[in-house]
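1. structure, please.
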Amino acid sequence: MGKQAILFDMDGVLFDSMPLHAKCWVEACRKFGLNATEQDTYMNEGRTALSTIDIFTREQWGRAVRPEEVDEIYAEKCRLFNLCPEAPKMPGAEQVLQRVRDAGLRIAVVTGSGQGTLLQRLETNYRGFFRPELIVSSRDCQRGKPNPDPYLLGLQRVGVSADAALVVENAPLGVMAAHAAGIFTIAVNTGPLPDSALMDAGADVLFPSMSALAANIDSLLG
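-> Numbering: from 1, shown residues only. Next up, the predicted model:
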């Protein structure tokens with residue numbers, strides 16, 4: 001069966017935004033007495049804010065995070081992120097999208113982010129590629145990655161079965177979520193993690209960049 005849809009993660013796939021996210025998470029957590037490293041941010045990429053912060057509070061404070069704490073820490077993280085220079089489009093991403101659209105596939109975004117500035121930029125920076133109803137964000141799923149729920153919802157919205165779809169991910173937890181949903185998963189290692197972190201999570205194929213994927217995307221669409 002030829003593929004009918006492709007589901008993209010956002011941070012680290014469509015935007016080169018992860019270095020900024022990592023820096024802002026570290027600063028926001030430190031302000032509220034939590035120690036987090038940039039490596040922690042990359043390893044937890046794809047989780048909802050609640051899930052990420054809850055891991056930190058359980059490890060460091062010995063208790064679950066309170067809802068008001070999540071609201072405060074995430075608001076501070078978003079404030080810091082919005083003060084940063086605009087994250088650039090990921091090199092090669094537009095070429096991948098163009099080839100996918102030319103092939104007639106449906107396109108969706110499945111992200112663990114709720115960062116409004118980036119979600120809005122999907123339309124302005126990638127004009128004509130994304131429809132709002134085909135964007136799944138942290139606002140849409142109670143259980144985020146690595147649970148399969150976000151990708152299962154993405155499949156539902158594009159109206160195809162798992163075997164008719166592809167996923168493009170850059171994060172181990174996102175790869176785990178897509179794999180658990182039964183979708184062929186393309187990993188692009190655009191961050192500092194070793195390739196093994198993505199392959200061990202269940203990636204079916206791995207590329208070192210979105211530009212490398214663009215050069216090979218036609219062979220994956222058949």
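
2. next, the buried residues of stretch 101-118.
-> Counting neighbours by 16 or more other Cβ atoms under 10 Å, one finds that the buried residues in stretch 101-118 are 105-115, 118. C-beta: built from backbone N, CA, C; applies to glycine.

3. actually, stretch 93-100.
-> Buried positions in stretch 93-100, judged by neighbour count with 16+ other Cβ under 10 Å: 93-94, 96-97, 99-100.

4. just stretch 84-91 next, same as before
-> Judged by neighbour count using 16+ other Cβ under 10 Å, the buried positions of stretch 84-91 are 87, 89-90.

5. what mean pLDDT does stretch 149-157 have?
-> For stretch 149-157, the per-residue pLDDT values average out at 97.

6. chain center to that stretch: distance?
-> When C-alpha coordinates are averaged (Cα atoms, centre = their mean, to the nearest Å), stretch 149-157 and its chain have centres 14 Å apart.

7. likewise for stretch 203-210?
-> 14 Å.

8. can you list contacts of it?
-> Residues outside stretch 203-210 that contact it (Cβ atoms under 8 Å, 6 or more residues apart in numbering): 13, 90-93, 95-96, 169, 175, 179, 184-190, 195, 198-199, 213, 216, 220.

9. filter the residues you listed down to the ones in strands?
-> 169, 184-188 (DSSP state E).

10. select, from these, the two members most distant in space.
-> Using Cβ to Cβ, these span at most 14.0 Å, a distance reached by F184 and V188.

11. neighbour count: the two, which is higher?
-> Neighbour comparison, F184 and V188: the larger count goes to V188, with 26 against 18 (by other Cβ atoms under 10 Å).

12. and the more buried one, how far is that from R143?
-> Separation of V188 from R143 (Cβ to Cβ, to the nearest Å) stands at 24 Å.

13. residue contacts, M176?
-> The contact partners of M176, taken as Cβ under 8 Å, 6+ apart, are 145-146, 201-202.
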